[in-house]
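> curious how this folds, go ahead:
(chains A and B)
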Amino acid sequence: MVRWSHWLNVPILLGLILSGISIYWASPIYQHQPDPNTGNVDVASDLGIWICAHVPGQHHYSSPPDWIYNHMSLGPGMLALALRLHWLCAYLFMLNGILYVAGLVTGGGWRSLLPRRTDLCDALRMLRYYLGFPFAKLARRQWLHPRFNTKYNALQRAAYFSVPVAGFLSVATGWAIHKPMQLQWLAALFGGYNAARVWHFWLMWIYILFVVPHVILVFADGWDTLRSMIVGWSTRAERSEVVANEP
Amino acid sequence: MNHKEKDDDSLQPKDTPSTDIGPKQEMAELPEAGPEDVKPSVPMDIEKREAVEAIEQQGDAGWSPSLSVDHEPRRDEAASSVAVKSVSVKKPHNFFGERPLPAIAIAPRVLRYQSRRDFLVFGAGALAATTGAGFLLPQDTLSRLGMHRNMDSPGKEWFLNKALRIDDDVAEALYSGTRRVPTYTKSQITSLKNNYNGATPDPGYISGWTLTLDGLASGLSISLDIQNLLTRFPVHEQITRLVCVEGWSGIAWWAGLRFDDLLRAYPPMSQARWALVESSVNLDSSGKPDPYFVSLDLATARHPQTLLATHFNGQPLTVDHGAPLRLLVPVKLGLKNVKAVTRITYVAEEPRDYWADRGYSRYDGI
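A predicted model of the protein is given here:
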């Protein structure tokens, strides 16, 4: 169940993010005084203009202010469609979240995700390992992976615990923005309607910042890990198993 | 994930067996524990030979226990004894403590079958997601991705509208006729932009403006001018937030008569459930007449904070904000807040809506 909902998240989150940025286009959170030359107020459009001016190969892009929206969303100027897709994906995301939590509870997998008291130090050790890894590889030095006798290391636990929490907060802030009058207590919880929009926007970045290293590390970790994410079994004997043989 | 790569390498080739080898050859040898592996209490040597074990990922309790039982007889004798050993797990310390992963011995044939099935399902899912994206994504997006064939279909509209109706039903269920929207103080008032969806009308219409009511219980068509409305009904004030479908919002100080008071003074016909609120002065972006009309359910029209506003921030409404009278319905998105209302018609069936025709929601309750 957890595996299923994990993979269902791929198309659902992609749909939510792409349609979400299309919705953002209609009324960007980050605006400034109109630019005297272009009349532009949107920081995302500034970024697009900058990219077209400075990135090789983009000089002849037809509408620089739309660069970000054309590359990171469904596109500008399609609010109605983006909203409908966003609601569709959002309901699927909530159903999927229920499936995920139900799977964690019935399978007992939630225990592997709970942060522990020693996690801060261990997570920093893992971070040091990851940061040092490319340099050690270049220098052909040995770079030992910190050892853990749990299913996930501390950094993984922190990440895998945070993402469902972010999912919950995304849904909560989403409802706060969607129904700021009927669910006014929810909007108030996040500091009001406008603040809830900011929350909702930055929560999206948690998924993006999570997914990039997540995908890189899964591939770096090898076929066994990727396969276990699909079929649910692994050939790796865990330390805990070995410990278990001792009376 | 907490093993070094040399562990993976030694196990890798053996856990993807070809179909013709027997169970004996499925035996995988665990590597010798490296010096850094050895904890004083963990002698590794008893684990030297072990059956291929699929370590069940937690959370898939559905099929794991039944499998290990069902296929028990197929297992190699030696393997089974080891497997039993490794299943006997350390007693967990507390409720929150992580449980060791169950090691499940399983016949290679069954494992291959299971894995093949899972990969096929995974591939089918990926294919379905891609097809779904091609079916649901806007044509502009597909064109940018290099798909120039027209993928718009009535099915897509039908499906997306279906999802939208679910959301509308949720919004309607959330609505409460007694729940007031938050009100603010004068210091919290923000600017409110003129968001006429086309050109702002020429103020010439104001002098001859009347509000026409149709679909009344009396069967008559009533026309009221602004003096009539302002003198006959008590004025209510509120400082509320107007939220646009685009995402921006503005807090303003509004005053006007309650829609509910108008409904009491001129009751609609008994079977009416909806109001069609129209403005005939609305223009499109090139300045041509483009009458604006929205549907409003009567339950929302009766909400005590639903006003027919005549004043904005203490002054009579300006043309920008829909002089001389606009609908102010803070429990709906801004697009329902019709400026310069010229006609209200009570009807039994849900009437058409300017923005619903353009792919937006019909109910728009917030």
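> what sits up against stretch A:201-217?
A:13, A:16-17, A:20, A:24, A:29, A:130, A:159, A:162-163, A:166, A:169-170, A:173 (Cβ atoms under 8 Å, 6 or more residues apart in numbering or on different chains). C-beta: built from backbone N, CA, C; applies to glycine.
> could I have the buried ones of those as ChimeraX selection syntax?
Written as a ChimeraX command, the selection of buried residues from these, which uses 16 or more other Cβ atoms under 10 Å in any protein chain shown, is:
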select /A:13,16,17,20,24,29,130,159,163,166,169,170,173
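> TSV for the contacts of stretch A:201-217, including distance to B:Ala103?
As requested, the contacts of stretch A:201-217 are exported to TSV (distance: Cβ to Cβ, whole Å):
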residue	distance to B:Ala103
A:Leu13	33
A:Leu16	38
A:Ile17	38
A:Gly20	42
A:Tyr24	48
A:Ile29	50
A:Tyr130	29
A:Ala159	26
A:Ser162	29
A:Val163	28
A:Ala166	33
A:Leu169	36
A:Ser170	36
A:Thr173	42
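> among the contacts of stretch A:201-217, which are in reach of chain B?
Filtering the contacts of stretch A:201-217 for proximity to chain B (criterion: Cβ under 8 Å from any Cβ of the partner chain) leaves A:Tyr24, A:Ile29.
> which ones among the contacts of stretch A:201-217 lie within helices?
A:13, A:16-17, A:20, A:24, A:130, A:159, A:162-163, A:166, A:169-170, A:173 (DSSP state H).
> circling back: of the contacts of stretch A:201-217, closest to B:Gln227?
Distances from B:Gln227 to the contacts of stretch A:201-217, taken as Cβ to Cβ, are shortest for A:Ile29 (43.5 Å).
> I'd say the closest one and A:Ala196 touch.
No: applying Cβ atoms under 8 Å as the test, A:Ile29 and A:Ala196 come out as separate, 10.9 Å apart.
> B:Val294: which element?
strand B:292-297 (DSSP states H and E).
> what separates whichever helix or strand comes after that strand from the chain centre, distance-wise?
Later in the chain than strand B:292-297, the nearest helix or strand by DSSP H and E is helix B:298-301. Averaged C-alpha coordinates place helix B:298-301 at 24 Å from its chain's average position (Cα atoms, centre = their mean, to the nearest Å).
> run me through the strand neighbours of the strand holding B:Val294, direction for each.
Using DSSP bridges, the strands paired with strand B:292-297 in its sheet are strand B:274-279 (antiparallel).
> the partner strand: how far from the chain's middle?
27 Å.
> per-residue confidence for the spatially most central residue of chain A?
By Cα atoms, centre = their mean, chain A has its centre lying nearest to A:Tyr207, at 0.7 Å. In the predicted model, A:Tyr207 carries a pLDDT score of 92.
> in chain B, mark out all the helices, start to finish.
Under DSSP H, chain B gives helices at B:5-11, B:64-70, B:77-87, B:108-136, B:139-144, B:154-174, B:226-232, B:259-265, B:298-301.
> need those helices in CSV with mean pLDDT, can you?
Listed next are the helices of chain B as CSV, based on pLDDT from 0 to 100:
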stretch, mean pLDDT
helix B:5-11, 41
helix B:64-70, 40
helix B:77-87, 41
helix B:108-136, 85
helix B:139-144, 79
helix B:154-174, 87
helix B:226-232, 92
helix B:259-265, 96
helix B:298-301, 96
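> up against chain A, what does the stretch 151-300 of chain B have?
B:160-161, B:163-164, B:166-167, B:171, B:174-176, B:179, B:181-182, B:241, B:243-249.
> hmm, back to that, A:Tyr100 is nearest to which of the helices of chain B?
Comparing the helices of chain B under Cβ to Cβ, the one sitting nearest is helix B:108-136, at 15.9 Å.
> what helices or strands is that closest one leaning on?
Contacts defined by 3 or more Cβ pairs under 8 Å, 6 or more residues apart in numbering or on different chains; DSSP states H and E place helix B:108-136 against helix A:2-26, helix A:223-231, helix B:154-174.
> and the angle from whatever helix or strand comes next after the first one to helix A:2-26?
Of the helices and strands lying after helix A:2-26 in sequence (DSSP H and E), the nearest is helix A:43-54. Computed with axes from the mean of the first three to the mean of the last three Cα atoms, to 10 degrees, the direction of helix A:43-54 lies at 90 degrees from that of helix A:2-26.
> by contact count, what packs against helix A:43-54?
Going by 3+ Cβ pairs under 8 Å, 6+ apart, helix A:43-54 lies up against helix A:67-72.
> burial measure for the residue in the stretch 251-366 of chain B that chain A sits nearest to, as a count.
Chain A sits closest to B:Gly359 of the stretch 251-366 of chain B, with a gap of 3.4 Å, by Cβ to the nearest Cβ. Residues lying near B:Gly359 (other Cβ atoms under 10 Å in any protein chain shown) number 17.
> excluding chain neighbours, what is closest to it?
Nearest in space to B:Gly359, with sequence neighbours left out and distances taken as Cβ to Cβ, 6 or more residues apart in numbering or on different chains, is A:Ala80 at 3.4 Å.
> where does the record place the domain boundaries for the chain?
Going with chain A. When chain A is parsed with automatic domain parsing, its domains come out as A:1-82, A:109-247.
> not what I meant, chain B
If you go by automatic domain parsing, chain B breaks into B:5-106, B:181-358.
> mean pLDDT lowest where, among these?
Of all those, the minimum mean pLDDT falls on domain B:5-106 (a mean of 46).
> low-confidence bits of chain A, can you list those?
A:236-247 (pLDDT under 70).
> longest strand anywhere in chain B?
strand B:249-258 (DSSP state E).
> list the buried residues of that strand.
So for strand B:249-258, counting by 16+ other Cβ under 10 Å, buried means B:Ser249, B:Gly250, B:Ile251, B:Ala252, B:Trp253, B:Trp254, B:Ala255, B:Gly256, B:Leu257, B:Arg258.
> also stretch A:3-15?
So, applying 16+ other Cβ under 10 Å, buried residues of stretch A:3-15: A:Arg3, A:Trp4, A:Ser5, A:His6, A:Trp7, A:Leu8, A:Asn9, A:Pro11, A:Ile12, A:Leu13, A:Gly15.
> cool, and stretch A:41-51?
Applying a neighbour-count criterion of 16+ other Cβ under 10 Å, one finds A:Asp42, A:Ala44, A:Ser45, A:Asp46, A:Leu47, A:Gly48, A:Ile49 buried in stretch A:41-51.
> mind listing what the first one touches?
When contacts are counted by Cβ under 8 Å, 6+ apart, A:Asp42 touches A:Trp25, A:Pro28, A:Tyr30, A:Gln31, A:Pro65.
> the last one: neighbouring residues, count only.
Put plainly, it is A:Pro65. Using other Cβ under 10 Å, A:Pro65 is surrounded by 21 other residues.
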